[in-house]
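Chemist: 3D, please:
(2 chains)
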Amino acid sequence: MSELQDRQIVLPGQLLGERIRCEGPCLREREGTFSTVRGLARVDKNSVLVIPQAGPYLPKAGDIIIGVVDADMGGVYSVDVKGPYRCILKQLRERGGRGGRGGRDGPRDRGRRQDDEEFGTYVPGDVISAKVAYVDEVKEAKLMGPRKLEGGYVMQVKPMKVPRIIGKQKSMITLIREYSGSNISVGQNGLIWIAGGNMALAQESIRMVESQAHTAGLTDRMTMYMRERSKK
Amino acid sequence: MIHMSGKKSDLKLINGGVRLDGRKPDELREIRMEVGVLKNVQGSAYVEWGKNKVLAGVYGPREMHPKRLQNPTEATVRLTYNMAPFSVEDRKKPGPDRRSVEISKISSEALSDVVQVHLYPDAAIDVFVEVLQADAGTRCVGLTAASLALADAGIPMKDLVAACAAGKVDGEIVLDLMKEEDNFGECDLPLAIVPRTGEVVLLQQDGKLTGEEFNKAFDLAYQGCLKVYEIQKRALLAKEVRQ
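Modeler: As a prediction, the model looks like this:
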């Protein structure tokens, strides 16, 4: 049973409870379960969820990330996603193979050429948005479905604040897009690409959400703020 | 009185149970801690401990360079301790020296014991400790600040590391030596612990103590660490804490 209160801030080494189920960064020992980070504890009967306030980004399959291509290794690209591990971008199907050697141009080859055109080519410095296909045992993530993001600029926020920036059913990011008129793409790794419209307002409002992510009633406050700012 | 290096001094460090700065033997200096003070790091902390002023910043976990030092089973915690040239009365020659290399090594090892390094194989966690003003006990202040900065960066740890020194001055065991006591005292005993488990992650001794004196100094330093731990926790909950 946990003696914590719901939404209590916990610190590394703090006892969460003796016989409880814990999700998030925690450590189970004989004396009980302890938090390993500074975070917000959400208590529900016999289970505690620790939401960390900060921390590095570790890719998970299915995440949409934004990254910067930092090396071209002959059609295989290394992508910097501002985490401890680099991501690899390459076409997941095998190149060449059965139709290739004799220079035959069957329907399958035409299909492959079309795939290549969609995959595109990249140079170091290109900003891309892609989906994490899978993460292998040495934590190297393979990306798929890349999309080059041209123009605009990239800002970085804490990865833990991304869910709040997106909001429930994308409410917060829709609000920011609407009032700033910008194209905004949010990566789970904390990189945000902004292009067009009032980019300064978009950046300012994202910073505001990031700094007040833990407070209640933020969407209402942001609506008021954006309304006032867009009148000016 | 004889300095640890053999220098003699006529200075009386304890008068009627009161030390030069008016503290009792078991009293800590004034401590102020603050986290999140730097912008371009993952986590940071600033600690003022008496006249010591120490800044710590954490970068990482990030890719380990040079790659030949990567450990495929766990992350490597690298602490770099540096004293600014203006941190002491006589200008200190910039760059690493024997002492700072030693402190960096022992502090890295102390932190590696609490950080959950197995979560980030191949990665490096870099901690930079800058001593802006030194007045004895900087390795303890540096380690305390580094531990706060790691917690601020959201790096999973089994607990914080709290550090404090005790020593022997004028034949008496005292807590948290200041500069004059460190220079002209008989012994210095820095200690760092993991308060939750009571594990000792750093223990050094510079000078001579009898077995009984060592036990007394160790207990005093341990109690000092627990007081430091309370201030650390308060600093992580609030932005800034003064004792």
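
Chemist: Could you chop chain A up by domain?
Modeler: A:8-52, A:64-149, A:153-231 (automatic domain parsing).

Chemist: so who does residue 173 touch?
Modeler: Going with chain A. Applying C-beta atoms under 8 Å, 6 or more residues apart in numbering or on different chains, one finds that A:Ile173 lies in contact with A:Ile165, A:Ile166, A:Gly167, A:Ile184, A:Val186. Where you see a C-beta, it was placed from the backbone N, CA and C, and this is true even at glycine.

Chemist: other chain: chain B
Modeler: Per C-beta under 8 Å, 6+ apart, neighbours of B:Ile173: B:Pro25, B:Ala166, B:Gly167, B:Glu213, B:Lys216, B:Ala217, B:Leu220.

Chemist: would you turn those into JSON lines with distance to A:Pro56, pLDDT and secondary structure?
Modeler: JSON lines is the format used below for the contacts of B:Ile173 (distance: C-beta to C-beta, whole Å; pLDDT from 0 to 100; DSSP: H, G, I helix; E, B strand; the rest coil):
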{"residue": "B:Pro25", "distance to A:Pro56": "44", "pLDDT": "94", "secondary structure": "coil"}
{"residue": "B:Ala166", "distance to A:Pro56": "37", "pLDDT": "97", "secondary structure": "strand"}
{"residue": "B:Gly167", "distance to A:Pro56": "39", "pLDDT": "96", "secondary structure": "strand"}
{"residue": "B:Glu213", "distance to A:Pro56": "45", "pLDDT": "96", "secondary structure": "helix"}
{"residue": "B:Lys216", "distance to A:Pro56": "43", "pLDDT": "97", "secondary structure": "helix"}
{"residue": "B:Ala217", "distance to A:Pro56": "39", "pLDDT": "97", "secondary structure": "helix"}
{"residue": "B:Leu220", "distance to A:Pro56": "38", "pLDDT": "97", "secondary structure": "helix"}
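
Chemist: which pair in those residues spans the largest distance?
Modeler: B:Pro25 and B:Glu213 (12.8 Å; C-beta to C-beta).

Chemist: In space, not sequence, find me the middle residue of the chain.
Modeler: Going with chain A. A:Gln188 (0.6 Å; C-alpha atoms, centre = their mean).

Chemist: ah, no, chain B please
Modeler: B:Cys140 (1.6 Å).

Chemist: so where is the chain shaky, pLDDT-wise?
Modeler: This is for chain A. A:1, A:92-118, A:232 (pLDDT under 70).

Chemist: switch to chain B, that's the one I care about
Modeler: B:1-10, B:239-243.

Chemist: Mind jotting down where the strands sit in chain B?
Modeler: In chain B, the strands defined using DSSP state E lie at B:14-15, B:18-19, B:31-35, B:43-49, B:52-63, B:76-83, B:123-133, B:162-169, B:172-175, B:187-194, B:199-203, B:206-207, B:240-242.

Chemist: now the longest one against strand B:43-49, angle please.
Modeler: Compare the direction of strand B:52-63 with that of strand B:43-49 by axes from the mean of the first three to the mean of the last three C-alpha atoms, to 10 degrees and you get 160 degrees.

Chemist: which parts of strand B:52-63 are buried?
Modeler: Buried residues in strand B:52-63, counted by 16 or more other C-beta atoms under 10 Å in any protein chain shown: B:Asn52, B:Lys53, B:Val54, B:Leu55, B:Ala56, B:Gly57, B:Val58, B:Tyr59, B:Gly60, B:Pro61, B:Arg62.

Chemist: Return the list of helices and strands in contact with it.
Modeler: With contacts defined as 3 or more C-beta pairs under 8 Å, 6 or more residues apart in numbering or on different chains; DSSP states H and E, the packing partners of strand B:52-63 are strand B:43-49, strand B:123-133, helix B:138-152.

Chemist: Determine how far it lies from the middle of the whole chain.
Modeler: Centre-to-centre, strand B:52-63 and its host chain are 14 Å apart (C-alpha atoms, centre = their mean, to the nearest Å).

Chemist: Around chain A, which positions in chain B sit nearby?
Modeler: B:42-43, B:60-63, B:72, B:75, B:116, B:120-123, B:151-160, B:194-196, B:233, B:236-237 (C-beta under 8 Å from any C-beta of the partner chain).

Chemist: 7 Å - rerun?
Modeler: B:43, B:60-63, B:116, B:120-123, B:151-154, B:156-160, B:196, B:233, B:236-237 (C-beta under 7 Å from any C-beta of the partner chain).

Chemist: Is it possible to mark the buried ones in the residues you listed?
Modeler: B:43, B:60-62, B:116, B:120-123, B:151-154, B:156-160, B:196, B:233, B:236.
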